Structures are given as structure tokens and as C-alpha cells.
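A.B. asks: sequence? don't have it. structure:
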């Protein structure tokens, strides 16, 4: 039996309909925090990561600004802190990974291409698979509100502990199965998934607003995982298949 997502973790509230928060300078990690490192050094490493993203073709200024604002080393174990700003995925426990910076930036850029985002900015976003919380933190700079679902209790607890000190008032962290989405927050301007299955759950499409966009890895027809973009229009769903990707499997239930 599927369980409904629990209530969101209580970060400071935002007023509905308010504008996205202005980009904030990344806060220094508390002493002894997982992934902590001297701020000057990590700031330089983060700046170089953003430079590599731009050199690799990332042209979205809001995405580059968001990637430069979030301290990625805060979201991995301290033993991996020196690798946090390399363009690699890293383990975060329970068989899950934090995506490469290039992949996070690419998927965020695609979300900003949604019709509703082009018309009036990115409103409410649903993220399937919080993981360590890094992508949710990046999305907090790009969207008015972020609802993020994590099905693994161990990762949910870690993400809560890592996000709370950042005081991201527009991020709502939920523990629950992501396959049914989160109907209470719908409709969404964008939905992004951090795990790949064989088909897009119908609930995600139902909860997407007209003019909204869904970005997810999918192994269509049993083939390799590809980055899939679905735009919801007045006339139905329009699907585009982009480049190959490699994500952890999409699963249902909680654990």
C-alpha cells in the first residue's frame, strides 16, 4: 500500500505569489559540518566550476548564478569535500548519488525554457528525489517555490539537516513516494526527476500546469536512459528526447 507524503519540513514560510528570492551569497558551513572546508578555498573552487560550465556551453545567467551561490561541498560527506566541485557524481549513501554539476545545470536550464517560465518566471516546481538536497537548493534561486520529495528516510533526514541552516524559505521538503507526485502543491510550472524509469508516471503529467515543463531521465522502450522533456500545451503533451544520461533507478514506495 502506498503511503502519502508526510508534511513538509518546516523551513521559514513564504507568502504565496511572492517573487523568487534574490540570489544570496552562500553561507559559510558551520564548524564541523559535513563537507565543510575553508570558505576562501571552496569559493575559488566553486567559481572555477561555474567557469567550466560556461566554457562547456551553459549560457543561462540565472543558472550560472545559482550554481555559483550554492556550496556543493556542504551536501557530500567531508571525505569527498575536495571532489565536490569536479564535474562528477558522488555517492551520498543508500546507493544514491549527487548528480554532476553539468547535469544539474543542464536540467535547470531546460526548466527555465518552459512556456510559463518564459512568460513570467518559474513558479512552483516539484522535484522527485531530493537526495542530499543540493539540486533543491539550486532550484530555490530559480523558482518561486520548490516542493521536493524523498522516499528514503535516511536521505530525507540528511537533506533536512543540510538544508535547514541555509534557511531557504521557498523550499518545502517532504518524505514520501514520488511516483504519485504531490497533488496538494499542483499545478506545477515544472517537474524535475532525479531518477529514471521506463515511463513517466501519469500523475506527474496530470499535476503539470498548462505551459509547464517536465524534465526527467527515462529508458524509453527498454533502451538506454535519455533526457526527456515533456511540455504541456492546450492541445496535449509534446515530448522531446535529448541526450543520453545515467541516473539511479526510479522506484516506488518508501524505505
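C.D. replies: Happy to help now that I have it. Keep in mind the model is a prediction, meaning the values are calculated, not measured. Residues are numbered from 1 along each chain as shown.
A.B. asks: which other helices and strands contact the lengthiest helix in the chain?
C.D. replies: Taking DSSP state H as the assignment, the helix of the chain that covers the most residues is helix 39-55. If you count contacts as 3 or more C-beta pairs under 8 Å, 6 or more residues apart in numbering; DSSP states H and E, helix 39-55 packs onto helix 61-69, helix 101-111. Any C-beta I mention is one placed from the backbone N, CA and C, and that applies to glycine too.
A.B. asks: nearest to residue 169, out of those helices?
C.D. replies: helix 61-69 (14.8 Å; C-beta to C-beta).
A.B. asks: compute the inter-axis angle for that closest one and helix 39-55.
C.D. replies: Relative orientation of helix 61-69 versus helix 39-55 (axes from the mean of the first three to the mean of the last three C-alpha atoms, to 10 degrees): 150 degrees.
A.B. asks: mind listing residues that contact helix 61-69?
C.D. replies: Under the criterion C-beta atoms under 8 Å, 6 or more residues apart in numbering, residues 23-26, 46-47, 49-50, 53-54, 58, 101, 104-105, 108-109, 112, 138-139, 141-142 lie in contact with helix 61-69.
A.B. asks: I'd like the next helix or strand past it.
C.D. replies: Using DSSP states H and E, the helix or strand that follows helix 61-69 in sequence is strand 90-93.
A.B. asks: partners of the helix or strand that that next one is followed by, with directions?
C.D. replies: For strand 90-93, the following helix or strand on the C-terminal side (DSSP H and E) is strand 96-98. Strand pairing for strand 96-98, determined by DSSP bridges: strand 90-93 (antiparallel).
A.B. asks: off-centre distance for the partner strand?
C.D. replies: Here the centre of strand 90-93 is set off from its chain's centre by 16 Å, with C-alpha atoms, centre = their mean, to the nearest Å.
A.B. asks: next, the buried residues of that strand.
C.D. replies: Within strand 90-93, the residues that qualify as buried are 90, 92, counting by 16 or more other C-beta atoms under 10 Å.
A.B. asks: so which of the helices and strands packed on helix 39-55 is the most surrounded?
C.D. replies: helix 101-111 (a mean of 22; mean count of other C-beta atoms under 10 Å).
A.B. asks: got the angle for that helix vs helix 39-55?
C.D. replies: Comparing the axes of helix 101-111 and helix 39-55 via the same axes, to 10 degrees yields an angle of 60 degrees.
A.B. asks: what about stretch 163-183, how long is it end to end?
C.D. replies: Chord length of stretch 163-183, first to last residue, is 23 Å (C-alpha to C-alpha, to the nearest Å).
A.B. asks: pLDDT on it, on average?
C.D. replies: When pLDDT is averaged over stretch 163-183, the result is 98.
A.B. asks: of the contacts of helix 61-69, select the buried ones using a ChimeraX command.
C.D. replies: In ChimeraX, this line selects whichever of the contacts of helix 61-69 come out buried by 16+ other C-beta under 10 Å:
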select :26,46,49,50,53,54,58,101,104,105,108,109,112,138,139,141,142
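A.B. asks: I figured residue 138 hits residue 75, correct?
C.D. replies: No - between residue 138 and residue 75 there is no contact under C-beta atoms under 8 Å: 10.2 Å.
A.B. asks: quick check, pLDDT for residue 191.
C.D. replies: Confidence for residue 191, expressed as pLDDT, is 98.
A.B. asks: next SSE downstream of the host helix or strand of residue 155?
C.D. replies: Using DSSP H and E, residue 155 sits within helix 153-163. Remark: after helix 153-163, the chain's next helix or strand is strand 171-175, criterion DSSP H and E.
A.B. asks: how about residues contacting that following strand?
C.D. replies: 5-9, 11, 130, 133, 136-137, 139-140, 145-151, 153, 156, 159-160, 163, 182, 185, 254.
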